[in-house]
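Asker: heads up, no residue letters with this:
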């Protein structure tokens, strides 16, 4: 007589997922974005020199100028409003400010003085408008900057 064997189903194992291909793809994407990205010079290394606590013996013969960034995005240069597009995607967002800063830098260099700018930024102003002013200063190669208007929290 033949023996009857009972049917025994195989034990179900936990499903496995091979993620080695996913890791390869993620590293390839990371390398792609690192290689294709570029850093803009005017926003990475500006070489700004802040004034020190020690007073100088010889005052500069040229007066520093004041740039004010209002809460609504208006920028004034020594009290005179500077017009500039607020939502522009062009890298040069404040051409009038840049031109006036270049004239000021040339005047200071011709007189042997140091070009100094005071930036008064409102706490409620947009950060991008402040960065636009810093970029205009960097394009004019003005490195002596004093920042005021920030409140301690």
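Answerer: Thanks, I have the structure now. Computed from a prediction, not measured in an experiment: that's the story for all the values here.

Asker: which residues of this structure score low on pLDDT?
Answerer: 1-2, 39-48, 50-61, 83-92, 150-153 (pLDDT under 70).

Asker: which residues in this protein form helices?
Answerer: 20-36, 41-44, 95-110, 127-139 (DSSP state H).

Asker: count of residues packed around residue 144?
Answerer: Number of residues near residue 144 (other CB atoms under 10 Å) recorded here: 17. Yep, even glycine has a C-beta here, placed from its N, CA and C like the rest.

Asker: residues contacting it?
Answerer: 49, 51, 114, 115, 116, 117 (CB atoms under 8 Å, 6 or more residues apart in numbering).

Asker: what's the neighbour count on the nearest residue in space to it that is not next to it in sequence?
Answerer: Nearest non-adjacent residue to residue 144, counting by CB to CB, 6 or more residues apart in numbering: residue 116, 4.5 Å away. Around residue 116 there are 19 other residues, counting by other CB under 10 Å.

Asker: from residue 32, how far off is residue 116?
Answerer: 44 Å (CB to CB, to the nearest Å).

Asker: and if you look at residue 136?
Answerer: 33 Å.

Asker: neighbour count for these two, which is higher?
Answerer: residue 136 (27 against 10).

Asker: distance of the more buried one from residue 71?
Answerer: When residue 136 is compared with residue 71 (using CB to CB), they lie 19 Å apart.

Asker: go on, residue 129?
Answerer: For residue 129, the distance to residue 71 - CB to CB - is 10 Å.

Asker: the more surrounded of these two?
Answerer: residue 129 (22 against 12).

Asker: for residue 100, give its distance to residue 33.
Answerer: Taking CB to CB, one finds residue 100 at 38 Å from residue 33.

Asker: and those two? which has more neighbours close in?
Answerer: Neighbours of residue 100 and residue 33, each counted by other CB under 10 Å, are more numerous for residue 100; the result is 19 against 9.

Asker: might you report the residue contacts of the more buried one?
Answerer: So residue 100 contacts 77, 82 (CB under 8 Å, 6+ apart).

Asker: what's the neighbour count on residue 107?
Answerer: Neighbours of residue 107 (other CB under 10 Å): 12.

Asker: quick check: it vs residue 62, distance?
Answerer: As for residue 107, its distance to residue 62 is 7 Å (criterion: CB to CB).
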